[in-house]
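Trainee: return atomic coordinates for the entry below.
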Amino acid sequence: MILLLMTIGILIGVVLGLTGAGGSVIAVPLLLVLLDLEPTTATGLALGVVAASSIYGAVQRIWHREVLWIPAILFGFSGALLAPLGRVLAKLVSPQLLVSSFAVLSVVIAARMLWQSIRQPEQSSVVRASTSAGSEANEALLCRLSENSKFDWRFRCMAGLTLGGVLTGIFSGFFGVGGGFLIVPFLNQLNSVSMRNAVATSLVIIATISSSGFLAHLVTQTVNWYQLAWLCIGGITGMILGSVLARWIAGVYLQRIFAATIMIMTSLLIIR
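Mentor: Residues are numbered from 1 along each chain as shown. Next up is the predicted model:
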């Protein structure tokens, strides 16, 4: 059991670190199929291990000064407020609907990863687990919704980040995912930030939102702390492993491999 939990946790950490899609898209099917857990239990555990893994990664990115704090705070705070609502909604729907919805979400994430590897291959080389500072690390925050494309505190720039946080928070709480598949596109499209800054900032946001969702899970349902502890140890180990693997395997082919892996895990979930 320890080996199984550690393996699942390592997969979560590696995927979270390398692909930007969030390890829980693989974690939830594994927890459902291999441990035969209820959907709400599996998504709650996934939130806990994603929170622990992303906190570890976020601390590293903060140390290297790659985080853009304005979107991190606005996006993260609004998402953290809505993540508990997502957990409540997950408790209200049937397990069958929750699993079916998660399967659809997984297909969407896999399709986006495949599309990015084809249309935006240069972005696939920037990974969450990597902590190497680059020329983009201190890039200024921009806003495509303002008149001069610079960030200001008026409604348009604020509303874009807040809306992104609200949507990510609900999705994260409901599905037990980190939300990286929403966060990075929002930051790139609305604020035109570098991919390195978007990835670093998304780790802080994922840590905030996942922690909020997991705390809400604690209020609504009991947690197997033994399982969670070994999953978290595996998750942090996976992030460390990801920082080493990123030097050799991060890139287009990795994105495609994980997209195929997500589709396989989704198929197993549907069969179950």
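
Trainee: lowest-scoring secondary structure element of this protein by mean pLDDT?
Mentor: In the chain, no helix or strand scores lower on mean pLDDT, DSSP states H and E than helix 180-191, which sits at a mean of 72.

Trainee: just checking, what packs against that helix?
Mentor: The contact analysis (3 or more CB pairs under 8 Å, 6 or more residues apart in numbering; DSSP states H and E) places helix 180-191 against helix 69-92, helix 95-119, helix 155-175, helix 195-220. To be clear about C-beta, it is placed using only N, CA and C from the backbone, and glycine gets the same treatment.

Trainee: ok, and for that helix, which residues are buried?
Mentor: 180-188, 190-191 (16 or more other CB atoms under 10 Å).

Trainee: that one vs helix 155-175, what angle?
Mentor: Inter-element angle recorded for helix 180-191 and helix 155-175: 170 degrees (by axes from the mean of the first three to the mean of the last three CA atoms, to 10 degrees).

Trainee: chain center to helix 180-191, what's the gap?
Mentor: 12 Å (CA atoms, centre = their mean, to the nearest Å).

Trainee: and stretch 213-230, by the same measure?
Mentor: 18 Å.

Trainee: first vs last residue of it, how far apart are they?
Mentor: 19 Å (CA to CA, to the nearest Å).

Trainee: what sits up against that stretch?
Mentor: Residues outside stretch 213-230 that contact it (CB atoms under 8 Å, 6 or more residues apart in numbering) are 2, 5-6, 9, 35, 40-41, 43-45, 47-49, 51, 83-84, 86-88, 91, 169, 172-173, 176.

Trainee: and the most centrally placed residue in the chain, helix, strand or coil?
Mentor: In the chain, the residue lying closest to the centroid (CA atoms, centre = their mean) is Gly178, at 3.0 Å. With DSSP: H, G, I helix; E, B strand; the rest coil as the basis, Gly178 sits in coil.

Trainee: for it, grab phi and psi.
Mentor: Gly178 adopts backbone torsions of phi -70, psi -30, taken as degrees, to the nearest 10.

Trainee: go ahead and confirm it touches Val49.
Mentor: No: judged on CB atoms under 8 Å, Gly178 makes no contact with Val49 at a distance of 10.0 Å.
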